[in-house]
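Novice: When you get a sec, could you give me coordinates for this:
(chains A and B)
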Number of protein chains: 2
Amino acid sequence: MPRWIHPDFDFRPLRPLFMCIISNTHVGKIPGVSAAGVTPEFTFYTPGADAELVEFNRIVTMPGLPETPGGCPTPGIITRAALSLTGVPALFVASGLDKKPAVPYVELGGAAGGDIRYTPGVPEAPEILEKAALLGRKVSALSDCIFIGESIAGGTTTALAVLRAIGYNGSVSSSFDSNPIELKSEIVRQALRRCDSEPGEFRDDIMRAIVEFGDPMIPCALGLLKGIGSTTRVVLSGGTQLAAVLLLAKRLGIEGDFSIATTKYVAEDPSASFRDIVEDSGWNYYVVDPGLERSRIPVIQAFTRGFVKEGVGAGGAALLAGILGVTQERLVEETDRVLMTVELPGCASKA
Amino acid sequence: MPRWIHPDFDFRPLRPLFMCIISNTHVGKIPGVSAAGVTPEFTFYTPGADAELVEFNRIVTMPGLPETPGGCPTPGIITRAALSLTGVPALFVASGLDKKPAVPYVELGGAAGGDIRYTPGVPEAPEILEKAALLGRKVSALSDCIFIGESIAGGTTTALAVLRAIGYNGSVSSSFDSNPIELKSEIVRQALRRCDSEPGEFRDDIMRAIVEFGDPMIPCALGLLKGIGSTTRVVLSGGTQLAAVLLLAKRLGIEGDFSIATTKYVAEDPSASFRDIVEDSGWNYYVVDPGLERSRIPVIQAFTRGFVKEGVGAGGAALLAGILGVTQERLVEETDRVLMTVELPGCASKA
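Specialist: Numbers count the residues shown, from 1 in each chain, chains lettered A, B, ... in the order given. Presented below is the predicted three-dimensional model:
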């Protein structure tokens, strides 16, 4: 096991599958909440563009590469690099996705998540969960190790709201280098006020907490876990949002062979409680160091200073690359190459 | 090997996958062309409802079960029976599908096929083929035997048009008990006239023949074959439409471990050239006798008199059930049970 992955991942999958849930929530359009887009409006296009990047290294439905307001690229470049080096198939799953990608994806349906300050986050959560469980049963018959990432701008805020609603005090991470915790907390307060409720009031009604405060990614991830169950190993691939999903799965009594992998940029984020949330779920976590200080491109090196951090399953995809024999050095080289060769609408490449 | 399957299928898949392409073409709305719907308008809803039937045994997006004007049910009831008896996962793939199902499916995008009398059938065929090839590469990494069926009302007419355009004289089957060959031929004549061309004029430009005279199912099936290639065994599951796809694959130089399975109702249809078309493609065919004379339900027994015949991969799904140990008797019982228990909008079940 490469030394850039801790602890040792003691399983060599024969037929790994990388899934990535792509969703929209109107929470992501609240100014200042998400850095997954140059402007708040663009955040709705980011998940679809991430799918295009990973599948084809070509952006179609967005004018440019998904990036932060400061110009840091989507973590999808790491995912693309890891999957193209290993040949592991990706399957994007749209749940409540308004802006569809121009690549094949699994459609679960549903509307974009609501702005939880004024309206329930995901009223159809129970139906999404059941549809995703059906999909989970299918893929568990085909793969012996399934990685599940996400791309949803605004998702850490809805995750925080659900955690507060069920009485959990941990904190979530951010795609900004400086976590806008005050803004997120204010959104959560407004959402709780809309429901005339206090933190912890939904601790015995997890599904209602998801319906009121969540986003369409959450019930999709829970449904996949439920459908896959114990038949196939699952590695959630993401930060505090998916850590929250593990915790919710635990509270809902969903059982299986689960774990979570994330980048060290999330795991070492002092503003977020990644390790605490996972430990409370009772499952294991893996921390992956993508080694991006080795990059020759400044906006990629910036990941090591807390920009972007994680997303599009980057940490899990890097773990997968590592256990399939890719070196950290090779992964960084390929990540650089992805950014320098990605085709954008109207021009040949990013660089 | 059960005696109701000929010849012996000498391979026992460990991780079989059943795929089904669902598409619309405006050719299906021409009165008298397709029996896959109570009225021509309803034919657009049939593929989505077939997906709902197979996945959940519950129809959501259509007022009733897909059936012929005379009340014979969709062959999807056989597919549902075979898959639920074996637990084999299904993956529906929408290509040019206007009316979407309320179950998870893979979205390839594209518009419904055009009425070939007045407009090209599927202008984006090359893009569909490439997207489907990407999907084919993914599933070939996960499954060791992939069955590919279809549900598209009007598809035998577009298949006939493409065959004529490339200079092939064989005939296609029909979901009607009495094949409306004259109507189909007149549509083909009008389509050729629109392009100011003669039969056979497109024999050296297969892709253009598909663009002008085909439907969105055809390039999707071809793309899946291309993407799966030689890595995984493929059994096309359908009648003359998919036989035509095999022939087109041959002409396009797409190589792999291909074959086709259909019901004996298609194979023995004297108005259609199923065996000839497949033999010209150079691949093998399997003929499956679903044994529906054993059914206790008259509208199912009617299949043995040439109504419906095939579709939604019914022949291939029955083959799969047979090689996984399901008896013909058990399959018929379960097919009856599917029809008697299917949930329809606004009522508990069909029976």
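Novice: Near chain B, which residues of chain A? Just list them.
Specialist: A:15, A:17, A:55-56, A:87-91, A:93-94, A:100, A:102-109, A:131-132, A:134-135, A:137-139, A:141-143 (C-beta under 8 Å from any C-beta of the partner chain). The C-beta positions use only the backbone N, C-alpha and C, and glycine is treated the same way.
Novice: What segments of chain A are strands?
Specialist: Chain-ordered strands for chain A, with DSSP state E as the definition, fall at A:5-6, A:16-22, A:90-95, A:105-109, A:145-151, A:233-237, A:258-263, A:284-288.
Novice: who's sitting farthest from the centroid in chain A?
Specialist: A:D196 (29.7 Å; C-alpha atoms, centre = their mean).
Novice: mind checking pLDDT for that residue?
Specialist: pLDDT, the model's per-residue confidence, is 97 for A:D196.
Novice: Can you pull up the most central residue in chain A?
Specialist: The central residue of chain A, meaning the one whose C-alpha is nearest the mean C-alpha position (C-alpha atoms, centre = their mean), is A:E150 at 2.9 Å.
Novice: That one reaches A:A221, doesn't it?
Specialist: Yes - A contact is recorded between A:E150 and A:A221 when judged using C-beta atoms under 8 Å, the distance being 6.9 Å.
Novice: Flag whichever of the strands of chain A has the least confidence on average.
Specialist: strand A:5-6 has the lowest average pLDDT among the strands of chain A, namely a mean of 94.
Novice: Partner strands of it and their direction?
Specialist: In the sheet, strand A:5-6 lines up against strand A:284-288 (antiparallel) (DSSP bridges).
Novice: my guess is A:D276 meets A:G170, correct?
Specialist: Yes - taking C-beta under 8 Å as the definition, A:D276 is a contact partner of A:G170 at 5.1 Å.
Novice: of these two, who's got more company?
Specialist: Set A:D276 next to A:G170 and count neighbours by other C-beta atoms under 10 Å in any protein chain shown: A:G170 wins out with 21 against 16.
Novice: OK, contacts around that one?
Specialist: Counting by C-beta atoms under 8 Å, 6 or more residues apart in numbering or on different chains, A:G170 touches A:L163, A:T240, A:A272, A:S273, A:D276, A:I277, A:D280.
Novice: my guess is the last one meets A:A249, correct?
Specialist: It stands for A:D280. No - contact criterion C-beta under 8 Å: A:D280 and A:A249 do not qualify, at 11.8 Å.
Novice: between the two, who's got more neighbours?
Specialist: Counting neighbours by other C-beta under 10 Å for A:D280 and for A:A249 shows that A:A249 has the greater number, 24 against 16.
Novice: Apart from its neighbours in sequence, what residue is nearest the more buried one?
Specialist: A:L225 (5.1 Å; C-beta to C-beta, 6 or more residues apart in numbering or on different chains).
Novice: residues contacting that neighbour?
Specialist: Residues near A:L225 by C-beta under 8 Å, 6+ apart: A:G136, A:I148, A:V234, A:V245, A:A249, A:I254, A:G256, A:F258.
Novice: hmm, back to that, please narrow the contacts of A:G170 to those residing in helices.
Specialist: By the criterion of DSSP state H, membership of the contacts of A:G170 in helices covers A:L163, A:T240, A:D276, A:I277, A:D280.
Novice: can you put those residues in CSV and add pLDDT and distance to B:C72?
Specialist: Compiled in CSV, those are given as follows (pLDDT from 0 to 100; distance: C-beta to C-beta, whole Å):
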residue, pLDDT, distance to B:C72
A:L163, 97, 54
A:T240, 96, 54
A:D276, 95, 60
A:I277, 96, 55
A:D280, 94, 56
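Novice: For A:R80, state which of those is nearest.
Specialist: Proximity of those to A:R80 was ranked by C-beta to C-beta; the top entry is A:T240 with 23.0 Å.
Novice: Excluding covalently adjacent residues, which one is nearest to that closest one?
Specialist: Leaving aside its sequence neighbours, A:T240 sits nearest to A:V172 (C-beta to C-beta, 6+ apart; 4.0 Å).
Novice: per-residue confidence for the one you found?
Specialist: The per-residue pLDDT of A:V172 was computed as 89.
Novice: I'd like to know how many residues surround it.
Specialist: Other residues near A:V172 come to 27 when the count uses other C-beta under 10 Å.
Novice: State the phi and psi torsions of it.
Specialist: Backbone torsions for A:V172, taken as degrees, to the nearest 10, come to phi -100, psi 170.
Novice: which residues sit in contact with the closest residue to A:A191 other than its chain neighbours?
Specialist: Excluding the flanking residues, the one nearest A:A191 by C-beta to C-beta, 6+ apart is A:I116, at 4.0 Å. If you count contacts by C-beta under 8 Å, 6+ apart, A:I116 has them with A:V27, A:T158, A:A161, A:I187, A:Q190, A:A191, A:R194, A:E212, A:F213.
Novice: How many residues are close by A:N169?
Specialist: Neighbouring residues of A:N169 were enumerated by other C-beta under 10 Å; the total is 10.
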